[in-house]
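**Student:** below are the sequence and a predicted model; questions follow.
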2 protein chains.
Amino acid sequence: MAQKQSAPDATRRSERSRRAIYDAALALVVEVGYPKTTIEGIAARAGVGKQTIYRWWASKADVLLEAFLDLGERAARAAGASGRAAYALPDTGDLAADLKLVLRATVDELRDPAFEAPSRALAAEGVVNEEVGRRFVAELLEPSLRLYVDRLRSAQEAGHVRADVDPRIALELFVSPLAQRWLQRTGPLTHEYTDTLVDYALNGLAPR
Amino acid sequence: MAQKQSAPDATRRSERSRRAIYDAALALVVEVGYPKTTIEGIAARAGVGKQTIYRWWASKADVLLEAFLDLGERAARAAGASGRAAYALPDTGDLAADLKLVLRATVDELRDPAFEAPSRALAAEGVVNEEVGRRFVAELLEPSLRLYVDRLRSAQEAGHVRADVDPRIALELFVSPLAQRWLQRTGPLTHEYTDTLVDYALNGLAPR
């Protein structure tokens, strides 16, 4: 029944299907929530057979995880990045300036409507569903946090951060306040705010 | 139809109903989630008529909010507190010691199974439902955060915290990491961890 296709046509067609599946998965999780999002529902909305989805992914969690990674890469490309995720934070030798730059970009990303709704749907599910929470943290959040660990280690080597500081805990002084304000809406998300967090974390609250 | 009761009997009976309604509301929000929790469901589970609930509360959000405040007060009494919520943090003159004491107690509370499931159900709903999120933050979370603001102001007067620090932002350096580890399970919750957060926040990450 199917017409014979040249390889590039087949690749383009499957690229279109993949994009339609990502879009359907993200839209559904926003509209009906994670528990009611199903492979069948994603397939119907994307206009593909569910076997097409099962050929590429084992579960709805896998589809959503990839849809999310793809969303992040598209956003990075739109923002003028290289089209691949960043593998390191900037390291100009000025730790405060580098952290402020990255946190300002994170504020902009968190405020982007394309991210907001699906990110909230997945984060909310992770709060009550330990398996989903651990998986998304391990595959989406921790890889970003490792970049802060690397940058703080470099600062330790340069003598800008105390040698006895654990970088994995230290990063939480400026990353977690931003996360909580976003998750729980406990305060406004602005560049001035994240600049302040960096200054407080590096210099400390006690007089010097 | 109803037998005439003396006032103390009526008070006891309504106290029992109130407790049954709180327990039913907390159990339901854990089992079926916030969206599917209804006044009718709470009434059926508590063994009261739904008019009994509407006589005391205007909405399910009101019932859950009070159920939660009551849960906190019962936990505080069980822990030997005065039976009323605390209105101030300890102020021994040693800011680090006072903050460590309170954060260790918060870790114990967050790990208490009686709190865990309903707290997660409400927090998850707040992530996706702005109205619920803002209401619970304003009525449950912010009053606790004000106690940190007061303690930090007292420390500023004593010269232990820099005068130019905004206490409402400063408290996020140790409160938000704990909140994120709890909400997103990004790391273990221990007393050693919260002690470390206090030391990092007060002294800063940069060498002194």
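**Tutor:** It's in. Numbers count the residues shown, from 1 in each chain, chains lettered A, B, ... in the order given.

**Student:** A:Leu205 contacts B:Val161, correct?
**Tutor:** Yes. Counting by C-beta atoms under 8 Å, B:Val161 is a contact partner of A:Leu205 at 5.0 Å. All C-beta atoms are positioned from the backbone trio N, CA, C, and that covers glycine.

**Student:** what touches both of these two?
**Tutor:** B:152, B:170, B:202 (C-beta atoms under 8 Å, 6 or more residues apart in numbering or on different chains).

**Student:** report the buried residues of the helix or strand of chain A with the lowest mean pLDDT.
**Tutor:** In chain A, no helix or strand scores lower on mean pLDDT, DSSP states H and E than helix A:60-78, which sits at a mean of 85. If you call a residue buried by 16 or more other C-beta atoms under 10 Å in any protein chain shown, then helix A:60-78 has these buried ones: A:60-61, A:63-68, A:71-72, A:76.

**Student:** any chance of those residues in a markdown table, with distance to chain B too?
**Tutor:** Formatted as a markdown table, the buried residues of helix A:60-78 follow (distance: C-beta to the nearest C-beta, whole Å):
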| residue | distance to chain B |
| --- | --- |
| A:Lys60 | 18 |
| A:Ala61 | 16 |
| A:Val63 | 20 |
| A:Leu64 | 15 |
| A:Leu65 | 15 |
| A:Glu66 | 20 |
| A:Ala67 | 18 |
| A:Phe68 | 15 |
| A:Leu71 | 17 |
| A:Gly72 | 17 |
| A:Ala76 | 22 |
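
**Student:** nearest to A:Leu101, of those?
**Tutor:** Closest approach to A:Leu101 among those (C-beta to C-beta): A:Ala76, at 14.9 Å.

**Student:** how far away is the closest one from A:Leu69?
**Tutor:** Look at A:Ala76 and A:Leu69: by C-beta to C-beta, to the nearest Å, they are 11 Å apart.

**Student:** ok and the residue in chain A nearest chain B?
**Tutor:** A:Gly204 (2.6 Å; C-beta to the nearest C-beta).

**Student:** so which residues of chain A form helices?
**Tutor:** Counting by DSSP state H, chain A has helices at residues A:7-32, A:39-46, A:50-56, A:60-78, A:95-110, A:113-128, A:130-136, A:142-157, A:167-170, A:172-184, A:191-203.

**Student:** distance between the second one and the chain's centre?
**Tutor:** Averaged C-alpha coordinates place helix A:39-46 at 24 Å from its chain's average position (C-alpha atoms, centre = their mean, to the nearest Å).

**Student:** with the longest one instead?
**Tutor:** A distance of 19 Å separates the centroid of the chain from that of helix A:7-32, by C-alpha atoms, centre = their mean.

**Student:** pLDDT at the residue nearest the centre of chain A, what is it?
**Tutor:** Nearest to the mean C-alpha position of chain A, by C-alpha atoms, centre = their mean, lies A:Leu140 at 5.3 Å. With respect to pLDDT, A:Leu140 scores 89.

**Student:** contact partners for it?
**Tutor:** A:65, A:68-69.

**Student:** what's the closest of those to A:Arg55?
**Tutor:** Nearest to A:Arg55 out of these is A:Leu65 (C-beta to C-beta; 16.8 Å).

**Student:** nearest residue to the closest one other than its sequence neighbours?
**Tutor:** A:Glu139 (5.8 Å; C-beta to C-beta, 6 or more residues apart in numbering or on different chains).

**Student:** list the residues that contact A:Tyr22.
**Tutor:** A:63, A:66-67, A:70-71.

**Student:** any idea how many residues pack against A:Glu31?
**Tutor:** 13 (other C-beta atoms under 10 Å in any protein chain shown).

**Student:** around A:Glu172, how many other residues sit close by?
**Tutor:** 27.

**Student:** contact partners for it?
**Tutor:** B:176-177, B:180-181, B:197.

**Student:** show me which pair in those residues is furthest apart.
**Tutor:** Farthest pair in the contacts of A:Glu172, by C-beta to C-beta: B:Gln180 and B:Leu197, 11.3 Å.

**Student:** separation between the closest residue to A:Ser59 other than its chain neighbours and B:Asp112?
**Tutor:** Nearest residue to A:Ser59 in three dimensions, chain neighbours excluded: A:Ile39, at 7.8 Å (C-beta to C-beta, 6+ apart). Distance, A:Ile39 to B:Asp112, using C-beta to C-beta: 37 Å.

**Student:** okay, these two: which has more neighbours?
**Tutor:** Under the neighbour definition other C-beta under 10 Å, A:Ile39 and B:Asp112 were set side by side, and A:Ile39 has more, 19 against 14.

**Student:** got a list of what A:Gly204 touches?
**Tutor:** Applying C-beta under 8 Å, 6+ apart, the residues near A:Gly204 are B:200-206, B:208.

**Student:** can I have the buried ones of these as a PyMOL selection?
**Tutor:** Remark: buried members of the contacts of A:Gly204, expressed as a PyMOL selection using 16+ other C-beta under 10 Å:
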select buried, chain B and resi 200+201+202+203+204+205+206
